[in-house]
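>>> Quick one, structure for this:
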Amino acid sequence: MTIDGATGTAPALADPDELAHLVHTAAQIRSQVETVIEGKADVVRTALTVMLAEGHLLIEDVPGVGKTMLAKTLARSLDCTVRRIQFTPDLLPGDVTGVSVFNQEARDFEFRPGAVFANVVLGDEINRASPKTQSALLECMEERQVTVDGTTYELASPFMVIATQNPVEMEGTYPLPEAQRDRFMARVAMGYPDTRAEMDMLAEHAAANPIDDLSPVADAALVARLVDVVRTIHVAAPVRQYAVDIANATRGHNDVRLGASPRATLHLVRAAKAAAALDDRDHVLPDDLQALAPVVLAHRLILTADAQIAGRTTDSVVADVLRRVAVPASARV
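I've put the predicted structure just below:
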């Protein structure tokens with residue numbers, strides 16, 4: 001039996017049966033999504049990882065590569081409440097969170113919930129709304145609650161925001177505020193499909209919408225149960241230290257003006273726990289942190305002006321950090 005270095009007590013490891021159930025359910029969801037999203041197994045796995053880690057997912061890429069389709073397909077695979085928000089320049093914060101409306105009959109104000117009151121919220125083209133409207137999601141994503149006119153309303157559990165955005169160079173977009181980006185656990189890019197996947201898409205999707213044939217394979221209660229299983233995945237002290245070292249290395253990197261926040265470190269560890277559970281493991285390995293660091297950390301970093309002029313990217317910074325930071329020798333101490 002291993003001993004937790006921080007407390008000196010044996011960690012409560014995940015129940016093998018519960019872990020096996022998680023792996024089976026995740027495989028069913030993945031199979032459903034991959035019938036619609038061709039040739040993007042890594043992206044689908046990342047989306048599942050974020051869901052099980054109680055995070056939010058940002059999907060960024062050029063128009064037409066399946067960003068919204070991935071979000072809708074994942075939501076359709078779950079039997080839970082789903083709301084979609086089409087972000088536009090004239091969208092108001094109240095459209096997202098809800099508003100208080102005066103009821104003439106009751107002679108009092110009553111709260112009318114906005115689109116954010118759902119288990120899964122699809123934010124389509126989030127960076128086409130104004131920064132003020134984008135900021136309406138800050139409290140929702142971090143604290144899972146909404147405060148309107150001094151009254152706080154709890155959101156449903158589980159709660160996940162899946163947002164899509166176009167590259168900021170495209171016309172009509174606003175860059176996401178740093179605080180907003182930091183609340184997304186991971187950012188993925190769809191990329192163009194390979195030739196075979198695109199051929200299959202033309203053969204199977206041209207005549208009908210493939211989402212119409214999907215049926216839910218898990219409900220909100222089951223997802224919440226799987227999230228509880230992920231929480232029991234063990235993270236040894238050396239692995240936690242490795243996560244902190246990676247975050248610290250981004251903060252001191254010569255090309256970085258704003259490094260990874262403590263929230264980013266927490267998100268990295270939570271995502272690694274979910275990844276370990278998906279691999280039917282009751283403990284996190286350094287490999288889990290290395291695999292997830294690019295999608296969890298890169299979108300949070302802000303490069304210096306010199307680094308941007310030189311054509312460097314946040315992904316290259318994360319890769320450089322992973323090369324420099326020493327990997328712990330043991331992951332179960």
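>>> hey, let's count contacts and neighbours off CA atoms from now on
Will do.
>>> which residues of this protein fall in strands?
Using DSSP state E, the strands of the chain run over residues 57-60, 78-79, 82-86, 98-103, 108-113, 120-124, 145-148, 151-154, 160-165, 186-188, 218-219, 256-258, 302-303.
>>> Now that we have these, can you turn them into JSON lines and tack on mean neighbour count?
Shown next, in JSON lines, are the strands of the chain (neighbours: other C-alpha atoms under 10 Å):
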{"stretch": "strand 57-60", "mean neighbour count": "24"}
{"stretch": "strand 78-79", "mean neighbour count": "19"}
{"stretch": "strand 82-86", "mean neighbour count": "17"}
{"stretch": "strand 98-103", "mean neighbour count": "14"}
{"stretch": "strand 108-113", "mean neighbour count": "13"}
{"stretch": "strand 120-124", "mean neighbour count": "24"}
{"stretch": "strand 145-148", "mean neighbour count": "17"}
{"stretch": "strand 151-154", "mean neighbour count": "12"}
{"stretch": "strand 160-165", "mean neighbour count": "26"}
{"stretch": "strand 186-188", "mean neighbour count": "25"}
{"stretch": "strand 218-219", "mean neighbour count": "16"}
{"stretch": "strand 256-258", "mean neighbour count": "18"}
{"stretch": "strand 302-303", "mean neighbour count": "19"}
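>>> CSV for the ones you listed, including distance to residue 197 and mean pLDDT?
Output for the strands of the chain, formatted as CSV (distance: least, C-alpha to C-alpha, whole Å; pLDDT from 0 to 100):
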stretch, distance to residue 197, mean pLDDT
strand 57-60, 19, 90
strand 78-79, 25, 86
strand 82-86, 27, 87
strand 98-103, 41, 84
strand 108-113, 40, 85
strand 120-124, 24, 88
strand 145-148, 40, 89
strand 151-154, 42, 90
strand 160-165, 22, 89
strand 186-188, 19, 93
strand 218-219, 27, 88
strand 256-258, 37, 93
strand 302-303, 34, 94
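>>> would a markdown table of those with distance to residue 174 be doable?
Formatted as a markdown table, those follow (distance: least, C-alpha to C-alpha, whole Å):
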| stretch | distance to residue 174 |
| --- | --- |
| strand 57-60 | 13 |
| strand 78-79 | 31 |
| strand 82-86 | 15 |
| strand 98-103 | 23 |
| strand 108-113 | 26 |
| strand 120-124 | 14 |
| strand 145-148 | 24 |
| strand 151-154 | 29 |
| strand 160-165 | 10 |
| strand 186-188 | 17 |
| strand 218-219 | 35 |
| strand 256-258 | 19 |
| strand 302-303 | 16 |
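>>> Of those, give the one that comes closest to residue 264.
strand 186-188 (9.5 Å; C-alpha to C-alpha).
>>> Contacts for that closest one, please.
43, 46, 50, 55-60, 295-297, 299 (C-alpha atoms under 8 Å, 6 or more residues apart in numbering).
>>> Show me what residue 152 bridges to in the sheet.
Beta bridges link residue 152 to residue 147, judged by DSSP bridges.
>>> again with the one 10 residues further on
On the basis of DSSP bridges, residue 162 takes part in beta bridges with residue 57, residue 122.
>>> so who does it touch?
Residues counted as contacts of residue 162 (C-alpha under 8 Å, 6+ apart) are 56-59, 71, 120-123.
>>> before we move on, what about residue 214?
By C-alpha under 8 Å, 6+ apart, the contact set of residue 214 is 32, 76-77.
>>> Residue 27 and residue 319, how far apart?
Counting by C-alpha to C-alpha, to the nearest Å, the gap between residue 27 and residue 319 amounts to 29 Å.
>>> related to what we said a few turns ago, closest to residue 290 out of the contacts of residue 162?
Nearest member of the contacts of residue 162 to residue 290, counting by C-alpha to C-alpha, is residue 57, at 18.5 Å.
>>> Excluding chain neighbours, what is closest to residue 245?
Take residue 245 and drop its neighbours on the chain: the residue closest to it by C-alpha to C-alpha, 6 or more residues apart in numbering is residue 325, 6.9 Å away.
>>> got it, and residue 22?
Nearest residue to residue 22, sequence neighbours excluded (C-alpha to C-alpha, 6+ apart): residue 226, at 5.9 Å.
>>> Next, work out how far apart residue 187 and residue 20 are.
Here the criterion is C-alpha to C-alpha. By it, residue 187 lies 27 Å from residue 20.
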